[in-house]
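1. Return atomic coordinates for the entry below.
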Amino acid sequence: MTDKKQDLVVFATNRKARHDYDILETCEVGVELRGTEIKSIRQRRASLDDSFARIEGGEVILYNMHVSPYEQGNRFNVDPVRLRRLLLHRREIDRLTGLVSQKRLTLVPLKLYARRGMAKLELAVARGKRVFEKRDRIRQREEDRELRQHLRRSPKEPKR
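-> Numbers count the residues shown, from 1 in each chain. Prediction:
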């Protein structure tokens, strides 16, 4: 996927995040990578499934992002699920700290992409959905679909 306007190349998305969380706010952050990780990411060998971020000691740390080892990387490859530091300005970290300290809020990565050759991550401040909220949303979606199908199949009334 390439977006011509902003020169974006998307490498990985966390599709499950929008199902499991209500996204309140998003921001773009840099990712600190080592060695051959960017080469592996450019080959689309990264996964954001089950990944999350935490603020620890004034730094934002990304957990559980899997970057497969680069095939030609030999000894320069690093641990595929190592902790990765996210790059933000101090005031952004302070603002996120204030938001996350609220009840039931967390930091979830949504998308890993390149902008002008640099690896970026779309990070969201999100609130976890509860099971009944997910069920209600699925039920509502099914009802809407059934209604659309019914309207499409019903014979049109003649105009008077």
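2. Arg152: how many residues sit nearby?
-> 7 (other C-beta atoms under 10 Å). For every residue, glycine as well, the C-beta is placed using N, CA and C.
3. separation between it and Glu146?
-> Going from Arg152 to Glu146 by C-beta to C-beta, to the nearest Å gives 11 Å.
4. Can you give the contact residues for stretch 12-27?
-> 41, 44, 46-49, 51, 88, 92, 96, 99, 105-106, 108-112, 122-129, 134 (C-beta atoms under 8 Å, 6 or more residues apart in numbering).
5. quick one: which of these sit in strands?
-> Among the contacts of stretch 12-27, DSSP state E puts 46-47, 105-106, 108-112, 122-128 in strands.
6. between the residues you listed, which is nearest Glu56?
-> Thr106 (13.6 Å; C-beta to C-beta).
7. tell me the contacts of that closest one?
-> With C-beta under 8 Å, 6+ apart, Thr106 has these contacts: 21, 52, 100, 125-128.
8. again, only using 7 Å
-> Neighbour list for Thr106: 52, 100, 126, 128 [criterion: C-beta atoms under 7 Å, 6 or more residues apart in numbering].
9. tell me which residues form a beta bridge with it?
-> Ala126 (DSSP bridges).
10. Phe52 too?
-> Tyr63.
11. number of nearby residues for it?
-> 18.
12. same deal with His66?
-> Going by other C-beta under 10 Å, the residues that sit close to His66 add up to 15.
13. before we move on, what about Asp50?
-> So Asp50, with other C-beta under 10 Å, has 13 neighbours.
14. In space, what's closest to it - neighbours in sequence excluded?
-> Excluding the flanking residues, the one nearest Asp50 by C-beta to C-beta, 6 or more residues apart in numbering is Asn64, at 5.1 Å.
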